[in-house]
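Dropping the sequence and predicted coords here.
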Amino acid sequence: MKLVYFAWVRERIGLAEETVELPAEARTIADLVRWLKTRGEGYEAAFENEAIVRAAIDHTHVKPGAAIADAKEIAFFPPMTGG
């Protein structure tokens, strides 16, 4: 699965994107975030406050409980402000 990171999420992880093989237990965005946090300090720092990091599955914004089974791409980004 392709994972894409934006803004300070990208900066903390040190990657703009990556392709990963997800573990079977990663069924939702929240599960995926918990798994990513085990992959190293950068991931842990990026997802330190899980409640503020936003996610999109195949370019559609989703909540943490969203299923990721058929996703081709998941993007993570900090909250955005408009102007």
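Perfect, I can see it now. Numbers count the residues shown, from 1 in each chain.

List the contacts of D31.
Each residue near D31 by C-beta atoms under 8 Å, 6 or more residues apart in numbering is listed here: E25, I68. (C-beta placed from N, C-alpha, C; glycine too.)

The one 3 residues further on too?
R34 makes contact with no residue under the criterion C-beta under 8 Å, 6+ apart.

Ok, I68 next?
Counted by C-beta under 8 Å, 6+ apart, I68 has contacts M1, L22, A26, R27, T28, I29, D31, L32, I57, I74.

Restricted to helices, list those residues.
If you go by DSSP state H, the contacts of I68 have I29, D31, L32 in helices.

Including distance to E50 and pLDDT, could these go into a markdown table?
Below are the ones in helices among the contacts of I68 laid out as a markdown table (distance: C-beta to C-beta, whole Å; pLDDT from 0 to 100):
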| residue | distance to E50 | pLDDT |
| --- | --- | --- |
| I29 | 9 | 98 |
| D31 | 11 | 97 |
| L32 | 11 | 97 |
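
Could you identify the buried members of the contacts of I68?
L22, A26, T28, I29, D31, L32, I57, I74 (16 or more other C-beta atoms under 10 Å).

What score does the first one have for pLDDT?
With respect to pLDDT, L22 has a value of 92.

ok, now K72?
At K72, pLDDT is 96.

How many residues are close by it?
Here the number of neighbours of K72 (other C-beta atoms under 10 Å) works out to 9.

residues in contact with it?
Counting by C-beta under 8 Å, 6+ apart, K72 has contacts M1, K2, D58.

distance of it from A56?
12 Å (C-beta to C-beta, to the nearest Å).

Equivalent analysis for R12, please.
Distance of R12 to A56, computed by C-beta to C-beta: 18 Å.

so is W8 in a helix, a strand, or just coil?
helix (DSSP: H, G, I helix; E, B strand; the rest coil).

and it, what pLDDT?
Predicted confidence (pLDDT) for W8: 94.

same check, this time on I13
Reported pLDDT for I13: 97.
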